[in-house]
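Asks: Structure here, sequence nowhere to be found:
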């Protein structure tokens, strides 16, 4: 079970570009004593901006440093990420620290479009630069809506990606609500991805959306935590995001075991109506879960530690 340790950080109009929210905590182990948490606050226009904070790896509730500027600007006008960028996964490589992120911009017939981008840092995450102006995983002939929230694992020469792929929109109260499910892709270089339209997490019903996989491997078993929600009353209501759990022996075929996720809403407080965007990190034999609570990150970033 995850033992909840409470909130680490929340935004409070810290800067013009950091007004509300602290979305999608994405952790990089900076050194033995420090977790660097990349996240996306929103500016006054509601655009998501990239930055980070450092916390004590032995006590993540202790913030050691809060960065005072964005670490990557929005994309060029008209590109896939000119409306917002959110971190998803960081991978150390021979070419620098890779950041896989989701970029979005407003759409006409539906609220937005997402796609997956790649950036690199040569100063351990102080700043990032795009490797490409375009997305590395975008909609195609088999996935016609959008892609988002990638999680990457590198095993020898094989790179795995679990990502969200939209399956369409449900019109609820005359408003299009996005549907998406977690799918699988693989690569030999982390840049060019082979997608065979493989679904990993099958929804329980036609209105479920699931995304934001975070995966570790223990004793030959891939263990995934992810977020799932309904399409009705899901903004801090009865259909809000919860954290689910699944296992696999080959990284592709998964068995849902949501009852083993190990975490539930709190009775009151910052994560009492929503828990979402999980990120699991193993450090010195301990498993840490970082996640957002109510309001899709409006109440900040919290964490939990796994105890048998």
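Replies: Here it is on my side, so go on. Predicted model only: the values in this text are computed from it and were never measured.
Asks: Just give the closest residue to residue 213, not the sequence neighbours.
Replies: Closest residue in space to residue 213, ignoring its immediate chain neighbours: residue 162 at 4.0 Å, by CB to CB, 6 or more residues apart in numbering. Backbone N, C-alpha and C define where each C-beta goes, glycine included.
Asks: residue contacts, the one you found?
Replies: Applying CB atoms under 8 Å, 6 or more residues apart in numbering, one finds that residue 162 lies in contact with 150-151, 182-184, 200, 213, 215, 224.
Asks: what's the following helix or strand after the host helix or strand of it?
Replies: Assigned by DSSP states H and E, residue 162 belongs to strand 158-172. Stepping forward along the backbone from strand 158-172, the first helix or strand reached (DSSP H and E) is strand 175-187.
Asks: any idea which helix or strand comes after that following strand?
Replies: Moving toward the C-terminus from strand 175-187, the next helix or strand (DSSP H and E) is strand 193-199.
Asks: what residues does the next helix or strand after that next one touch?
Replies: Using DSSP H and E, the next helix or strand after strand 193-199 towards the C-terminus is strand 209-218. The set of residues external to strand 209-218 that reach it, using CB under 8 Å, 6+ apart, is 24, 88, 148-149, 151, 153, 155, 160, 162-164, 178-182, 200-201, 203, 222-231, 244, 251, 276-280, 282, 287.
Asks: Please indicate which of those are buried?
Replies: Neighbour counting over those (16 or more other CB atoms under 10 Å) leaves 24, 88, 148-149, 151, 153, 160, 162-164, 178-182, 200-201, 203, 222-231, 244, 251, 276-280, 287 as the buried ones.
Asks: Would you mark the buried spots in stretch 76-93?
Replies: Residues of stretch 76-93 classed as buried: 79-91 (neighbour count, 16+ other CB under 10 Å).
Asks: just those residues now: which is nearest residue 1?
Replies: Residue 1 lies nearest to residue 89 out of these, by CB to CB, at 25.1 Å.
Asks: which SSE is that closest one in?
Replies: With DSSP H and E as the test, residue 89 turns up in strand 84-93.
Asks: That strand: partners in the sheet, and parallel or antiparallel?
Replies: Each strand that strand 84-93 pairs with, and the sense of that pairing, follows from DSSP bridges: strand 96-106 (antiparallel).
Asks: Among the contacts of residue 162, which one sits closest to residue 54?
Replies: Checking those against residue 54 by CB to CB gives residue 151 as the nearest, at 21.8 Å.
Asks: contacting residues for that closest one?
Replies: By CB under 8 Å, 6+ apart, residue 151 lies in contact with 88-89, 100, 161-163, 212-215.
Asks: cutoff 7 Å now
Replies: In this structure, residue 151 makes contact with 88-89, 162, 213-215, judged by CB atoms under 7 Å, 6 or more residues apart in numbering.
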